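J.: Dropping a prediction and its sequence here:
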Amino acid sequence: MNSGHIILINGASGSGKTTLCRQLNKQLFFPYLHISIDRFYEGLPQKPMTALQYACLPTIYQGFLASIQAFAAVGNRVLLDIILTNDTMKSSMICSFSSVPTHLIGLSCPADLLEQRNRKRVKPRSPIIKSQIDTVHKSMLYDLQLDTRTFSPTQCADQVVRHLNSGVLPTALHTLSKDYSHDS
């Protein structure tokens with residue numbers, strides 16, 4: 001079977017990743033499976049998390065990446081909704097997806113709007129957002145970057161679809177893999 005395809009959408013909490021994935025699923029010709037790291041973490045049994053659960057997060061993340069790679073390897077198309085907040089996460093993602101066509105899409109949004117959106121959530125994540133703002137796009141390269149203050153979800157999805165339909169091959173992941181291999 002042909003190799004699948006991943007559209008990885010990275011941005012801070014509240015930047016519009018999930019909304020963009022939902023809009024893309026309405027606009028893309030082929031069906032994409034929308035998978036979010038949040039769904040994996042929500043599977044943990046205790047809220048708030050215990051110290052042992054926090055200690056398990058790196059292996060949960062590795063399993064999450066392996067499952068995405070496996071979905072794509074058998075021919076699935078995946079919309080990946082994720083927050084890459086540190087070099088270890090970024091490096092693991094690069095290694096996991098190096099053999100799968102992966103378009104990296106960066107969503108940005110000013111801190112004041114992220115905070116405003118967060119206050120409207122059922123479960124606000126304010127301390128998490130503050131720590132993500134400076135780290136989520138640090139040392140990242142994208143095939144396409146979008147600002148959700150400037151563009152509506154439909155306009156962002158239009159730009160992603162146009163980008164995909166242009167036939168431009170994804171290059172950001174390949175370039176990042178070179179950068180991260182030099183850092184090691």
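T.: Done, it's in.

J.: just for the chain, where's the confidence low?
T.: In the predicted model of the chain, residues 1-3, 46-47, 49, 121-130, 181-184 satisfy pLDDT under 70.

J.: the helices in it, which residues?
T.: 17-27, 37-41, 51-73, 87-97, 111-119, 126-133, 153-165, 172-183 (DSSP state H).

J.: Tell me the helices and strands packed up against the fourth one.
T.: It refers to helix 87-97. Applying 3 or more C-beta pairs under 8 Å, 6 or more residues apart in numbering; DSSP states H and E, one finds that helix 87-97 contacts strand 5-10, helix 51-73, helix 172-183. For glycine as for every other residue, the C-beta is placed from the backbone atoms N, C-alpha and C.

J.: other SSEs contacting the last one?
T.: Translated: helix 172-183. Packed next to helix 172-183, using 3+ C-beta pairs under 8 Å, 6+ apart, are helix 87-97, strand 102-108.

J.: Please work out which residues outside it touch it.
T.: The contact list for helix 172-183, computed with C-beta atoms under 8 Å, 6 or more residues apart in numbering, reads 87, 90-91, 94-95, 97-98, 102-104, 139-143.

J.: Please repeat the previous calculation with a cut-off of 6 Å.
T.: 91, 94, 98, 102, 104, 141, 142, 143 (C-beta atoms under 6 Å, 6 or more residues apart in numbering).

J.: in that helix, what counts as buried?
T.: 172, 173, 176, 180 (16 or more other C-beta atoms under 10 Å).

J.: do the longest one as well
T.: Going by neighbour count (16+ other C-beta under 10 Å), the buried part of helix 51-73 is 61, 64, 65, 68, 69, 71, 72.

J.: same check, this time on the shortest one
T.: Judged by neighbour count using 16+ other C-beta under 10 Å, the buried positions of strand 5-10 are 5, 6, 7, 8, 9, 10.
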